[in-house]
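**Q** coordinates only, sequence not included:
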């Protein structure tokens with residue numbers, strides 16, 4: 001068990017070390033296609049908006065694990081963990097872990113955009129389960145993030161999370177906020 005933990009820790013450190021020296025990757029034949037996420041790069045998103053339970057706040061952590069190309073399109077993949085709390089007319093929580101695919105557009109100057117789409121597992125928890133019957137729900141979730149990178153390490157992000165629950169409450173959130181690339 002200790003050996004497995006050591007191997008995983010070393011692998012994550014190598015990914016982070018490689019990402020610290022990597023630059024953005026541009027398409028070989030389409031000049032406005034780009035990938036801003038190098039392996040090992042991470043980002044934190046802080047947003048607020050509308051959730052299933054009313055107004056709420058969201059936090060997300062994104063970690064890029066690798067890069068690849070599909071023809072001339074540079075892409076990267078990673079993992080994202082996101083959690084929301086809604087509190088206007090009910091109190092509820094939603095969270096999920098997602099495998100993500102990232103790509104970007106660069107039109108020059110400040111017109112740079114980064115997109116992330118993901119699929120994974122999510123949970124919903126309703127503190128006052130009036131019509132669900134169960135306060136806890138588990139299901140498949142999707143994640144989408146669109147970020148306008150107006151600075152080198154910061155951007156305005158629009159996010160969507162939706163958890164399709166097998167039982168109990170699901171969860172959705174549409175939020176707007178900032179992303180900080182670490």
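**A** Looks like it came in fine. In this text the structure is predicted, and so the values were computed from the model without any measurement.
**Q** Can you check the pLDDT for the residue most central in space within the chain?
**A** The centroid of the chain falls nearest to residue 80 when counting by Cα atoms, centre = their mean (4.3 Å). On the pLDDT scale, residue 80 is placed at 95.
**Q** Same question for residue 155.
**A** 93.
**Q** do the same with residue 125
**A** pLDDT for residue 125: 87.
**Q** that older thread, from memory the residue nearest to the centre of the chain sits against residue 118, does it?
**A** Yes. Using Cβ atoms under 8 Å, residue 80 is in contact with residue 118, at 5.4 Å. For glycine as for every other residue, the C-beta is placed from the backbone atoms N, C-alpha and C.
**Q** Need the residues touching each of the two.
**A** 98, 100, 143 (Cβ atoms under 8 Å, 6 or more residues apart in numbering).
**Q** which residues of the protein score low on pLDDT?
**A** 1-30, 129-133 (pLDDT under 70).
**Q** Show me the strands in it, by range?
**A** Secondary structure of the chain (DSSP state E): strands at 25-26, 33-35, 42-51, 54-70, 73-86, 92-106, 112-126, 136-148, 154-167, 171-181.
**Q** Now the terminal residues of stretch 147-162, how far apart.
**A** 18 Å (Cα to Cα, to the nearest Å).
**Q** starting at the chain centroid, how far to that stretch?
**A** 10 Å (Cα atoms, centre = their mean, to the nearest Å).
**Q** Tell me which residues are up against it.
**A** 36, 45, 47, 58, 60, 82, 84, 94, 96, 110, 112-116, 122, 141-146, 170-182.
**Q** Among those, the buried ones, what's the ChimeraX command?
**A** Only the buried entries of the contacts of stretch 147-162 go into this ChimeraX selection, using 16 or more other Cβ atoms under 10 Å:
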select :36,45,47,58,60,82,84,94,96,112,113,114,116,122,141,142,143,144,145,170,171,172,173,174,175,177,179,181
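**Q** Okay, and the beta partners of residue 51?
**A** residue 54, residue 173 (DSSP bridges).
**Q** again, but for residue 79
**A** Assessed by DSSP bridges, residue 79 has beta-bridge partners residue 63, residue 99.
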